[in-house]
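Asker: I would like the atomic coordinates for the input below:
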Amino acid sequence: MMKEDLFNLIKKHQYNISIYTEDIFERRCQEEIIRSDEDNSSFVYIEFDFDNLEKILGNKANALQFWNIFLETLSKNKRGSDIIGFLEHESGIGLLLLDSKLEGWTRVAGRFQRTASKHNFDIMNLVFENYVKPIVYPSCIQDIHTDAPKQEQ
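Answerer: Modelled structure (predicted):
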């Protein structure tokens, strides 16, 4: 059901946003893990579960407002490299911020919150503070290289 709602919002507002199917999104996540390992780069992964969001937001109307703000924000601030896709069983949306660290997510979260504020949707702050837990992959790139013991010659 939520899938159709998201596509209707995209169509209604003519957002230039593509959402990968769950299979393609999962494959892209795996590819980014490999790319990150090879390039010593990082990315941020965030999940937005439809059912949990609706519980937190209290009702379907608030959930739709959340997704409207989510899509509006992404349409205005989307980098070409960011990836959006459905989670397994279309249970939610996943977001990959490529070549980013936690600061990248903090900037994106701030944009979501500013858009929410513009729409007087202050409950968005609760979602981001209490529910959304970004994962940075890999979590400690530099630690791997700088904390290794020095070999004696």
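
Asker: all strands for the chain, in order.
Answerer: Using DSSP state E, the strands of the chain run over residues 43-49, 83-86, 92-98, 135-137.

Asker: so which of those comes closest to residue 122?
Answerer: Among the strands of the chain, the nearest to residue 122 by C-beta to C-beta is strand 43-49 (18.2 Å). C-beta coordinates here come from the backbone N, C-alpha and C atoms, glycine included.

Asker: and that closest one, which residues are buried?
Answerer: Residues of strand 43-49 classed as buried: 43, 44, 45, 46, 47, 48 (neighbour count, 16 or more other C-beta atoms under 10 Å).

Asker: again, but for stretch 2-11
Answerer: In stretch 2-11, counting by 16+ other C-beta under 10 Å, buried: 2, 6, 9, 10.

Asker: okay if I get these as CSV plus pLDDT and distance to residue 82?
Answerer: CSV is the format used below for these (pLDDT from 0 to 100; distance: C-beta to C-beta, whole Å):
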residue, pLDDT, distance to residue 82
2, 88, 20
6, 94, 16
9, 93, 18
10, 92, 15
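
Asker: Going by distance to residue 27, which of those wins?
Answerer: Looking across the buried residues of stretch 2-11 and measuring by C-beta to C-beta, the closest to residue 27 is residue 6, at 20.4 Å.
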